[in-house]
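[1] Following is a predicted model, sequence given first.
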Amino acid sequence: MAAFSKDQVTVIDHPVVHRDLTILRDKNTPTAPFRQALARIATILAYHSLISIPLRETRVTTPIQDTTGFELNSNIIVVPILRAGLGLVDGIIQFIPDAKVGHLGMYRDETTHKPIDYYVKLPDGIKTSFVLLVDPMLATGGSAHDAIGYLKKQGAKKILFMCLISAPEGIRHILDNHPDVHIVTAAIDDCLNNEAFIVPGLGDAGDRIFGTL
Ligand code: PRP
């Protein structure tokens, strides 16, 4: 496996993630268990992605007495890259139900492998929020690179990219262009094939989530 600094890339090593990734990689897994495994992993990835967001101290009154409590010190905006990123949103919202959700529509041209934007709708507050950009797959990195560039143009300052499976090529592309963006992933696979699919990967995540094979 390619080595990247832990300051830049977090690879989640968790038994449930390994088990669920295997379900997702299996080409015979039907849509329902595929979606369930994806949602479980998304919750675990969200836990790790939000592990260092700042807190502010507050006071809370228990039935016994006053004590110290905590509130999150910034709003969280989850931005799935459409379409496949949508498959991660429910699992993330399970963990952080008050997060706002923005949508960024992009698809990869099948010939050029370049990302094409087709839809954008973001909530207010992007400049001051913690932005969790999510997509199951980081292949060449073109889509994530464009999405990060777009969010930065809108004023986003704190962006974390969360994905399920990444290729070393895609990670390198993001780190070279956006050294300020941390990546949280469940796996770094071997490489890309001639069609820019991740090897071994899980195939086309969007098609498997939405049953459009
Ligand atoms: C896939 C995937 C990423 C992108 C990754 O989306 O979900 O968005 O490709 O490839 P890249 O790193 O080389 O840009 P796809 O274009 O298949 O669209 P979909 O989400 O609509 O299925």
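    All right, it came through fine. Values in this document were obtained by computation on a predicted structure and should not be read as measured data.
[2] so what's the closest residue to I23 other than its chain neighbours up against?
    Using CB to CB, 6 or more residues apart in numbering and skipping residues adjacent in sequence, the residue nearest I23 is A37, 4.2 Å away. Where you see a C-beta, it was placed from the backbone N, CA and C, and this is true even at glycine. Shown in contact with A37 (CB atoms under 8 Å, 6 or more residues apart in numbering): 20-21, 23-24, 29.
[3] Nearest to Q8 among these?
    L21 (21.3 Å; CB to CB).
[4] what does this protein put close to the ligand?
    81, 83-84, 107-108, 113, 115, 135-144, 170, 196, 204-206 (CB under 6 Å from any ligand atom).
[5] thinking again about what came up before, please check the contacts of A37 and keep the buried ones.
    Buried by 16 or more other CB atoms under 10 Å: 20-21, 23-24, 29, out of the contacts of A37.
[6] of all those residues, which comes closest to the ligand?
    The nearest member of these to the ligand, counting by CB to the nearest ligand atom, is L24 at 13.0 Å.
[7] I'd guess that closest one is in a strand, am I close?
    No - counting by DSSP: H, G, I helix; E, B strand; the rest coil, L24 is located in no strand; its state is helix.
[8] So what does the residue in the chain sticking out farthest from the centre look like in phi/psi?
    Largest separation from the mean C-alpha position in the chain: I64, at 40.3 Å (CA atoms, centre = their mean). I64 adopts backbone torsions of phi -100, psi -50, taken as degrees, to the nearest 10.
[9] Looking at this structure, which residue is nearest the ligand?
    Taking CB to the nearest ligand atom, the chain has G206 as its residue nearest the ligand, at 2.1 Å.
[10] How many neighbouring residues does that residue have?
    Using other CB atoms under 10 Å, G206 has 20 neighbouring residues.
[11] pretty sure it is in a strand, no?
    No - using three-state DSSP, the assignment for G206 is helix, not a strand.
[12] just the helices in the protein please.
    With helices called from DSSP state H, the chain shows them at 15-25, 31-49, 86-95, 142-153, 168-177, 205-210.
[13] is it possible to export those helices to a markdown table including mean pLDDT?
    Shown next, in a markdown table, are the helices of the chain (pLDDT from 0 to 100):
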| stretch | mean pLDDT |
| --- | --- |
| helix 15-25 | 97 |
| helix 31-49 | 97 |
| helix 86-95 | 97 |
| helix 142-153 | 95 |
| helix 168-177 | 97 |
| helix 205-210 | 96 |
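[14] And the furthest pair within the contacts of A37?
    L21 and T29 (11.1 Å).
[15] Tell me who's in contact with the nearest residue to H182 once chain neighbours are set aside.
    Once flanking residues are discounted, H182 sits nearest to L160: 5.0 Å by CB to CB, 6+ apart. Neighbour list for L160: 49, 130-133, 181-184 [criterion: CB under 8 Å, 6+ apart].
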